[in-house]
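Participant: What follows is a predicted structure for the sequence shown.
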Amino acid sequence: MLNEQVWKDRIAAGDVDQTKVQAIWQTPAYYDYHWVVNSDKLNEQYGAGFVDQVQAALLKLDATIPEQAEILDLFGADKFILTENDNYAQIEAVGREIGKIQD
């Protein structure tokens, strides 16, 4: 099993001999590479509003600006987006079903 972005990058780099391996299945799209922080602790350590400033900086990264595109490219992303816990309900359900998440 392999992350789609890693697969695409390896193919683009010529690291995959597609005569020997092939993709046989692809998961439906899902929210990936989320960032989670303890906002109370970070705001306490770095000052009120710090987490909001970091979030705003990530959300305004612009792929048309070379320096910012370089950051986004490291994640294989065009941009960052807001998300919420409900967006992970299906992943959580699968994790519980296969025993990876337990109460």
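Facilitator: Received it, and whenever you're ready, just let me know what you need. Numbers count the residues shown, from 1 in each chain.

Participant: alpha carbons only for contacts and neighbour counts from here, please
Facilitator: Will do.

Participant: Determine which residue lies closest to the centroid of this protein.
Facilitator: Closest residue to the average C-alpha location of the chain: Tyr33 at 1.8 Å, with CA atoms, centre = their mean.

Participant: Who's the closest spatial neighbour of Ser39, skipping the chain neighbours?
Facilitator: Excluding its sequence neighbours, the residue lying closest to Ser39 (CA to CA, 6 or more residues apart in numbering) is Val51, at 6.0 Å.

Participant: Now do Leu82, the pLDDT please.
Facilitator: Listed pLDDT for Leu82 reads 91.

Participant: Now do the phi/psi pair for it.
Facilitator: Leu82 has phi and psi values of phi -70, psi 150 when expressed as degrees, to the nearest 10.

Participant: Give the burial count for it, as a bare number.
Facilitator: As a burial measure, Leu82 scores 8 neighbours (other CA atoms under 10 Å).

Participant: what about Asp40, which helix or strand?
Facilitator: helix 39-46 (DSSP states H and E).

Participant: what about the spatially most distant residue from the centre of the chain, which helix or strand?
Facilitator: With distances taken as CA atoms, centre = their mean, the residue sitting farthest from the centre of the chain turns out to be Thr19, at 29.6 Å. Element membership for Thr19, per DSSP H and E: none, as it lies in no helix or strand.
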